[in-house]
Structure formats: structure tokens, C-alpha cells
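> Quick one: sequence and predicted model below, then my questions.
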Amino acid sequence: MSEPDQPPTPDRLTSLLEERDHQETVACLDRLGAADAETRKRALRAVRNVAEEPPGSFDGLARPLSTFLTDEDRAIRLTTAKLFVTLAQSEPAAVLPAVDALAGRLADDEEFYYVRARSAEALGYVAVDSPEEVTDPETLADLRIGLEFDEPEVKEKLAKALAHVALGDPRRLRHQVNSLAEHLDDENELVRYHLCTALVVVGCEYPDKLAEAAETLQERLGDENPYVQGRAAEAL
């Protein structure tokens, strides 16, 4: 058991999460911020392992966890972003208090690109159930504009997040058909697939909007990836 003023061990954090002692977990996370980088990293990895289990243990913990998204150690920021991806997949509502912090990492052009990629991915999972919390104009702009400038690994997650935004509320992208279609020739097949998926979802609700992208979608019928071909055909 950790001393009251000492950083928690990974086992201690795991036990508290399993016991759902949220008050003590928050106190431990507060103390964790003063620990050395290796301790912070190991503890957050332990928390992520718990997040992979059935949901229900993280209500009220997103905000204290989000403080590690701005940790001075890049590896810790990445571990935290990955933790939020894991949590957003199984328990997206629990991530809502961290949306602003995740959006902040996405918007920071100087942030390590893998941190930005994972932050975008987490926001996308949250957007499926709570689109109004994620799809403010600034965040949508960061997702779209990043398709032009970012590293391939980031663009893949941006495109995935946009597909999830469309699934959550296709209205949010109904005026962005042209800007999405501009990237349907991206060299990354997953970028092409996710953007075609977003257009399919938008087209289900607003088929007239896809007329703007018809020519570009027709070109994807010859895509080397059969899944991209299928999505393009579905959109058309």
C-alpha cells in the first residue's frame, strides 16, 4: 500500500479502479503527477490495462487523467492519449470531461504527431455517441485541415475521426463534401476508405450533397483497394 504522500504504485491504482474507489483514485492520480517519469508511465499503462476491461470503472476520472496529456514527457502524453482511445471505445461518455484537453492536443501543431493522431482517434469515438460535444467548428477545422498537412499516421486517424463524426451526426459534414473529396486520392488507403465511409454516411441523409463529389467518387471505382471501391460505389 502506498504511503499517503507517496506516488501510487501501478498495483495500487489497479486495485482502486477495480474496487471503484474513485475518491482515492483521484487522490492517487494527483500524487502521481509529482512522481518521476518512469513511475508515471508505468502507472498510466496499468490504468490503460484496466480500461480494456468491461466499462464502468472510470466515471469521474477523465479530468484528472487528462492532466497527463500535457505532461512534459512525450511518452507519457502518448500513453495517456492511447488510454483515452481505449476508454473512448468502450465507455465514450466517461471521456467527455477530457474532450477539451484532447482537442487541445489535436490543435497543437508542435505536439508529437502520434499524440495528435491518438487524440483525434479518441475524439472520433466520442463523436459517435456525443457529436455535439466534439464537433465544434474549431475541432472540425483541425480534423479537415490536417488532411492537407499532417504526417500519414495522423491523417489516417483524422480521416477515421471524420467518419465517426459523420456516423454521430451527418449534418456536421454536409457542407464539407468537397473538402473531404479532395483527399480521396491520398496515398494511404485507410485515409481513402475512411473518407469514402464519411461520404456514404452523409449521402444517406443528404444524397444531393454528393453530386459535388460524383466525379471524384467515380475515379475511386478503379481504386487498388477493393474496400475503397465498394465504399465509392455505395456512395454513388
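Yep, it's here. All figures in this text were calculated on a predicted structure; none of them were measured in a lab. Numbers count the residues shown, from 1 in each chain.
> low-scoring pLDDT stretches of the protein, where are they?
Low-confidence segments of the chain (pLDDT under 70): 1-5, 54-56.
> what comes into contact with whichever strand or helix holds Ala93?
Per DSSP states H and E, Ala93 falls inside helix 92-95. With C-beta atoms under 8 Å, 6 or more residues apart in numbering as the test, helix 92-95 has contacts from 55, 58-59, 61-62, 84, 87-88, 102, 122, 125-126, 128-130. For the C-beta atoms, the positions are set from N, CA and C on the backbone; glycine is no exception.
> before we move on, what about stretch 6-16?
1-2, 24-25, 28-29, 31-32, 34-35, 39-40, 42-43, 45-47, 49-50.
> how about a cut-off of 7 Å?
With contact meaning C-beta atoms under 7 Å, 6 or more residues apart in numbering, stretch 6-16 is reached by 1-2, 24-25, 28, 31-32, 34-35, 39, 42-43, 46-47, 50.
> for stretch 46-59, same thing?
10, 13-14, 17-18, 20, 22, 79, 82-83, 86-87, 90-91, 94.
> try 10 Å this time
Residues from elsewhere that reach stretch 46-59 (C-beta atoms under 10 Å, 6 or more residues apart in numbering): 8-22, 25, 29, 32, 61, 65, 68, 79-80, 82-95, 97.
> Show me which of these are buried.
8-10, 12-17, 22, 25, 29, 32, 61, 65, 68, 79-80, 82-95, 97 (16 or more other C-beta atoms under 10 Å).
> coming back round to it: roughly how far out does the helix holding Ala93 sit from the chain middle?
12 Å (C-alpha atoms, centre = their mean, to the nearest Å).
> and what of stretch 107-123?
Taking mean C-alpha positions (C-alpha atoms, centre = their mean), stretch 107-123 and its chain are 8 Å apart.
> Pull out the buried residues from it.
Buried-residue list, stretch 107-123, by 16+ other C-beta under 10 Å: Glu111, Tyr113, Tyr114, Val115, Arg116, Ala117, Arg118, Ser119, Ala120, Glu121, Ala122, Leu123.
> wait, Thr70 sits on Ala98?
No: counting by C-beta atoms under 10 Å, Thr70 stays clear of Ala98, with 11.6 Å between them.
> Settle it for me: which of the two has more neighbours?
Shown here are Thr70 and Ala98; by other C-beta atoms under 10 Å, Ala98 has more neighbours (27 against 14).
> I'd like the distance between the more buried one and Leu44.
13 Å (C-beta to C-beta, to the nearest Å).
> what residues are shared contacts of those two?
Joint contacts of Ala98 and Leu44 (C-beta under 10 Å, 6+ apart) are Leu65, Thr80, Leu83.
> Arg40 versus the second one, what's the distance?
Same thing as Thr80. Taken as C-beta to C-beta, the span from Thr80 to Arg40 is 9 Å.
> Could you single out the nearest of the shared contacts of Ala98 and Leu44 to Leu236?
Checking the shared contacts of Ala98 and Leu44 against Leu236 with C-beta to C-beta, the nearest one is Leu83 at 39.4 Å.
> wait, that closest one sits on Ser90?
No: in this structure, Leu83 is not within contact of Ser90 by C-beta under 10 Å, at 11.7 Å.
> hang on, the earlier thing: out of the contacts of stretch 6-16, which is nearest to Val165?
Nearest to Val165 among those, with distances taken as C-beta to C-beta, is Val47, at 26.9 Å.
> how far out from the middle of the chain is whatever helix or strand the closest one lives in?
Val47 belongs to helix 37-51 when assigned by DSSP H and E. In terms of C-alpha atoms, centre = their mean, the centre of helix 37-51 is set 19 Å apart from its chain centre.
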